[in-house]
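> Structure for the following, please:
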Amino acid sequence: MNQNDIKEIISLSAQQTWEIARSIGEKLRQGDVLALSGELGSGKTCFTGGLARGLGVDEKYQITSPTFTLINEYPARHRLYHFDVYRIKDYDEFEDLGYEEYLGGEGVVVIEWAEKIAKRLPINTLWITFEYLDENDRKIIIKGPENRLKELMKDTNREVV
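Residues are numbered from 1 along each chain as shown. I've put the predicted structure just below:
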């Protein structure tokens, strides 16, 4: 069984957060699930934008949080399914979205506010937490299967703690 590992990255700007995510996005595979958590404005949507470009989502698509639509889909090397479950009140509401067909499917799934539906996510989910350090700096904590995490972090342009 694959052991989980944890990597911490300090990002000094929204641009660095975006670049870190783009680098990770270039290495994402079909079926990957990324669970994002952190306070409002901590970098979840910015990170998703970088992931999207790394996956090959065309620049003509503006990456926005689907707070009211709950899911945005973007064509890419692997279709990107971007969930925002901030407004979800319980697991039943998440199930009503038909989430199971997205998880482990043919695309990549990114879920903002994923802590709200943690029990419904696959065991190999990559958990990414954003913590404020100050106005611009963030600590990005990534937890996931050790081998997969090493693959995703390879050649990332930031020092990993």
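
> so what pLDDT did the residue nearest to residue 12 when sequence neighbours are not counted get?
With C-beta to C-beta, 6 or more residues apart in numbering as the measure, residue 137 is the residue that lies nearest to residue 12, at 5.5 Å, once sequence neighbours are left out. C-beta: built from backbone N, CA, C; applies to glycine. Looking at residue 137, its pLDDT reads 93.

> and residue 12, backbone torsions?
Phi and psi for residue 12, reported as degrees, to the nearest 10, are phi -100, psi 0.

> quick one: contacts for residue 144?
Residue 144 makes contact with 4, 5, 124, 125, 126, 127, 152, according to C-beta atoms under 8 Å, 6 or more residues apart in numbering.

> out of these, which are buried?
125, 126, 127, 152 (16 or more other C-beta atoms under 10 Å).

> which residues does the second one contact?
Listed by C-beta under 8 Å, 6+ apart, the contact set of residue 126 reads 32, 33, 34, 35, 142, 143, 144, 148, 149, 152.

> among these, which are in helices?
Under the assignment DSSP state H, the contacts of residue 126 contribute 148, 149, 152 to helices.

> How is the residue nearest to the second one when sequence neighbours are not counted assigned, secondary-structure-wise?
I take that to be residue 149. Nearest residue to residue 149, sequence neighbours excluded (C-beta to C-beta, 6+ apart): residue 5, at 4.9 Å. With DSSP: H, G, I helix; E, B strand; the rest coil as the basis, residue 5 sits in strand.

> I'd guessed residue 5 sits against residue 152; true?
No. The pair residue 5 / residue 152 is not scored as a contact, 10.7 Å apart, by C-beta atoms under 8 Å.

> quick one: residue 125 and residue 41, what's the gap?
23 Å (C-beta to C-beta, to the nearest Å).

> hey, where'd the helices end up in the protein?
14-25, 44-55, 91-96, 146-153.

> Adding mean pLDDT and distance to residue 114, write these out as a markdown table.
Converted to a markdown table, these look like this (pLDDT from 0 to 100; distance: least, C-beta to C-beta, whole Å):
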| stretch | mean pLDDT | distance to residue 114 |
| --- | --- | --- |
| helix 14-25 | 95 | 15 |
| helix 44-55 | 95 | 9 |
| helix 91-96 | 68 | 10 |
| helix 146-153 | 89 | 17 |
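
> Sounds good, over and out.
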